[in-house]
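Engineer: I would like the atomic coordinates for the input below:
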Amino acid sequence: MAGIRVGADSSTCVTSSLCVYRLPQVFDQDAEGRVVVLDPEPPAELSRELLRARRGCPTRSITLEGEGVPPEEPLE
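Structural biologist: The predicted structure follows:
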């Protein structure tokens, strides 16, 4: 997967910080603890970890777009 574009909806973020712990070079938190994207177009070698971060987000606040990005798994 090359050319993944990362987005995040801070209005739905519940400050679990899982994305920040997994990929601190891509995600951070603002003063309220909500997600902030530091690198919206990270290197392709982070693809697997980006998918894990998206899957691990309890509110599905992380979005990934690009060629080869599988659709988001539904909440159970």
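Engineer: now the strands: where do they sit in this protein?
Structural biologist: Here the chain has its strands, by DSSP state E, at 5-8, 27-29, 35-37, 62-65.
Engineer: So for residue 47, which of these sits nearest?
Structural biologist: strand 62-65 (8.8 Å; C-beta to C-beta). (Glycine included, C-beta is placed from N, CA and C.)
Engineer: Could you check the closest one and say which residues are buried?
Structural biologist: 62, 64 (16 or more other C-beta atoms under 10 Å).
Engineer: for stretch 52-67, same thing?
Structural biologist: For stretch 52-67, by 16+ other C-beta under 10 Å, it's 53-54, 57, 61-62, 64.
Engineer: what's the offset of that stretch from the middle of its chain?
Structural biologist: 5 Å (C-alpha atoms, centre = their mean, to the nearest Å).
Engineer: per-residue confidence averaged over that stretch?
Structural biologist: Per-residue pLDDT over stretch 52-67 has a mean of 94.
Engineer: From the opening residue of it to its closing one, how far?
Structural biologist: In stretch 52-67, first residue to last residue: 17 Å (C-alpha to C-alpha, to the nearest Å).
Engineer: How about residues contacting that stretch?
Structural biologist: Contacts with stretch 52-67, where a contact means C-beta atoms under 8 Å, 6 or more residues apart in numbering, come from 1-10, 12-14, 16, 18-19, 22-23, 26-27, 35, 50-51, 72-73, 75.
Engineer: follow-up on the earlier one: go through the buried residues of stretch 52-67 and name the one nearest residue 41.
Structural biologist: Among the buried residues of stretch 52-67, and counting by C-beta to C-beta, the member closest to residue 41 is residue 64, at 11.2 Å.
Engineer: circling back: farthest pair in the buried residues of stretch 52-67?
Structural biologist: Among those, 61 and 64 lie farthest apart (C-beta to C-beta), at 11.7 Å.
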